[in-house]
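Engineer: any chance you can model this:
(one chain, ligands or ions: 2)
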Amino acid sequence: MTDNEITGDAGAVVQAGVVHGGVHVGVPEPPGPPVPRQLPLAMRGFVNRQAQLAALDALAREADDPSEPVRPVTVSTIAEAPGGGKTALAVYWAHRERARYRDGDLYVDLRGYGPGPRVEAAQALETLLRGLDVAPDRIPADLDGRAAMYRSLLDGRRMLVLIDNAASADQVRPLLPASPHCLVIVTSRNSLPGLTAREGGAAAGAGRAHPGGVAGAAAADRG
Ligand SMILES: Nc1ncnc2c1ncn2[C@@H]1O[C@H](COP(=O)(O)OP(=O)(O)OP(=O)(O)O)[C@@H](O)[C@H]1O
Ligand SMILES: [Mg+2]
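Structural biologist: Ligands and ions are numbered 1, 2, ... in the order given. I've put the predicted structure just below:
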């Protein structure tokens, strides 16, 4: 063997004549999972809704309470009449608080009230999995497989999931992560009682339908 020959698996090797200063040889950290940021644009000129914003704040605080060893994910339902300002409220609050969800935010529109067909849970999961960087050919074909992969990917992660325009609890249930560090906000024109009863969801907007839209909401906030 000559002086310059190296055999075997040496890993990282530095060969130098004269070395000035320090030499740092390290294996780069593997990149972490992607951090999706999918919230739609926040609206300009959002007004009022102090009671509902405070209700969402309180839910998010409760969701962070580590005193219970086994906790379900926190689900907040914003249920109001058409045009009542559900999406605006959810998106506004989510933008305000998104820094708390270091692992990202996911958004899916279930198109529960048209125009066009509803987005079923399996299709919504495909969208969500792609948002989590899963290659299309790795996405399972069936609903249960997709839901299981989604729960696995969100396990232990702290994410905000905004599910817009849900028409039924069945459409939403497979989209719920199991990680208690996540927070889910669901908007719907109905109160999704099946969801709130079984998944322990809390209603941030239910019972405060504002048929007058934002004007109605403003009046209710003042009153
Ligand atoms: N707090 C608010 N301040 C100012 N404008 C608002 C507010 N909430 C809603 N709006 C405006 O009112 C309109 C309807 O709001 P939004 O789309 O959020 O209603 P929605 O309840 O989600 O309706 P849909 O049932 O059709 O999904 C939008 O143009 C939005 O910009
Ligand atoms: Mg909406």
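Engineer: tell me the pLDDT of T187.
Structural biologist: Model confidence at T187, given as pLDDT, is 96.
Engineer: show me which residues of this protein are close to ligand 1?
Structural biologist: Applying CB under 6 Å from any ligand atom, one finds that the chain approaches ligand 1 through 43, 45-49, 80, 82-88, 165, 187, 189, 213-214. The C-beta positions use only the backbone N, C-alpha and C, and glycine is treated the same way.
Engineer: now, of those, which are buried?
Structural biologist: Neighbour counting over the residues of the chain next to ligand 1 (16 or more other CB atoms under 10 Å) leaves 46, 48-49, 80, 84-88, 165, 187, 189, 214 as the buried ones.
Engineer: which of those sit farthest apart?
Structural biologist: Using CB to CB, these reach their maximum pairwise distance at N48 and N165, which is 21.8 Å.
Engineer: okay if I get the buried ones among the residues of the chain next to ligand 1 as JSON lines plus distance to R96?
Structural biologist: Formatted as JSON lines, these follow (distance: CB to CB, whole Å):
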{"residue": "F46", "distance to R96": "10"}
{"residue": "N48", "distance to R96": "14"}
{"residue": "R49", "distance to R96": "11"}
{"residue": "E80", "distance to R96": "19"}
{"residue": "G84", "distance to R96": "19"}
{"residue": "G85", "distance to R96": "15"}
{"residue": "K86", "distance to R96": "16"}
{"residue": "T87", "distance to R96": "15"}
{"residue": "A88", "distance to R96": "12"}
{"residue": "N165", "distance to R96": "21"}
{"residue": "T187", "distance to R96": "16"}
{"residue": "R189", "distance to R96": "24"}
{"residue": "V214", "distance to R96": "18"}
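Engineer: would a markdown table of those with distance to V134 and secondary structure be doable?
Structural biologist: Converted to a markdown table, these look like this (distance: CB to CB, whole Å; DSSP: H, G, I helix; E, B strand; the rest coil):
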| residue | distance to V134 | secondary structure |
| --- | --- | --- |
| F46 | 33 | coil |
| N48 | 39 | coil |
| R49 | 35 | coil |
| E80 | 33 | coil |
| G84 | 34 | coil |
| G85 | 33 | coil |
| K86 | 29 | helix |
| T87 | 26 | helix |
| A88 | 30 | helix |
| N165 | 24 | strand |
| T187 | 25 | strand |
| R189 | 31 | coil |
| V214 | 38 | helix |
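Engineer: can you tell me the number of residues neighbouring P193?
Structural biologist: Neighbourhood size, P193 [other CB atoms under 10 Å]: 14.
Engineer: show the contacting residues for it.
Structural biologist: The contact partners of P193, taken as CB atoms under 8 Å, 6 or more residues apart in numbering, are A169.
Engineer: rerun at 7 Å
Structural biologist: Contacts for P193 (CB atoms under 7 Å, 6 or more residues apart in numbering) come out as none.
Engineer: distance of it relative to ligand 1?
Structural biologist: 18 Å (CB to the nearest ligand atom, to the nearest Å).
Engineer: then P28?
Structural biologist: 44 Å.
Engineer: just the element for that residue, please.
Structural biologist: Secondary structure assignment for P28, by DSSP states H and E: no helix or strand.
Engineer: got phi/psi on it?
Structural biologist: phi -60, psi 140 (degrees, to the nearest 10).
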